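J.: sequence first, then the predicted structure:
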Amino acid sequence: MTTLVVASSKHGSTREIGERIADVLRTNKGVTTVVEDTEDAPGWLATVGAVVVALPVYGGRLDKAGKAFLDSRRAELADKSLFILASGAGPELDPRLRATLEAYAPKELGYFRGALVEERLSWSEKLVIRLAKGQYGDFRDWPAIEAWGKSLATRGAS
């Protein structure tokens, strides 16, 4: 069976995490993987046994496209091994958002810090970062992300 990685990402950081998860499953575990955005992913759902949904957290909220995918495909996802990965700026996932994501009953829910690359942001996003006294940088912990990806094969990503 194939594992579908659905990557919702406004600026590309979360998609890069999803691609790394797919690569880890493919190269280390021999899992056939495909990475798609939320618009193209529904066409794959009938052909896969597992789904990893990677979605970012922006301003304390789940990405709209990623959440809409989870909401609109809830029945189809219930028949799959579902894994959810969230990425954001904070050191941990807000408990309210964690509860929202756990309501989809994933086999595993992972949270990793993302990257905030100034050149990828609009002027209004930069203003919000400045007002919040946020920091730019790549905060992704690639060894932890890869370890999480490897663990999925033992939980049903195949």
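T.: That came through, no problem. Numbers count the residues shown, from 1 in each chain.
J.: and the contacts of stretch 12-28?
T.: 3, 5-9, 31-35, 37, 52, 54-56, 63, 85, 87, 112, 114-117, 120, 138, 140, 142, 145-146, 148-150, 152-153, 157 (CB atoms under 8 Å, 6 or more residues apart in numbering). In this view, the C-beta of every residue, glycine as well, is placed from N, C-alpha and C.
J.: if you could redo that for stretch 137-146, that was the one I meant.
T.: The contact list for stretch 137-146 (CB under 8 Å, 6+ apart) reads 13, 16-17, 20-21, 24, 87, 89, 112-117.
J.: for it, what is the distance to the chain centroid?
T.: Its chain's average C-alpha position is 13 Å from that of stretch 137-146, according to CA atoms, centre = their mean, to the nearest Å.
J.: ok, of the contacts of stretch 137-146, which one's closest to W44?
T.: Using CB to CB, I21 is the member of the contacts of stretch 137-146 that lies nearest W44, at 15.6 Å.
J.: host element of the closest one?
T.: helix 13-29 (DSSP states H and E).
J.: now the strands: where do they sit in the protein?
T.: 2-7, 32-36, 48-58, 61-62, 81-88, 108-113, 115-116, 137-138 (DSSP state E).
J.: so which of the ones you listed comes closest to R98?
T.: Of all the strands of the chain, strand 108-113 comes closest under CB to CB, at 7.0 Å.
J.: packing partners of the closest one?
T.: Under the contact definition 3 or more CB pairs under 8 Å, 6 or more residues apart in numbering; DSSP states H and E, strand 108-113 sits against strand 81-88, helix 95-102, helix 142-152.
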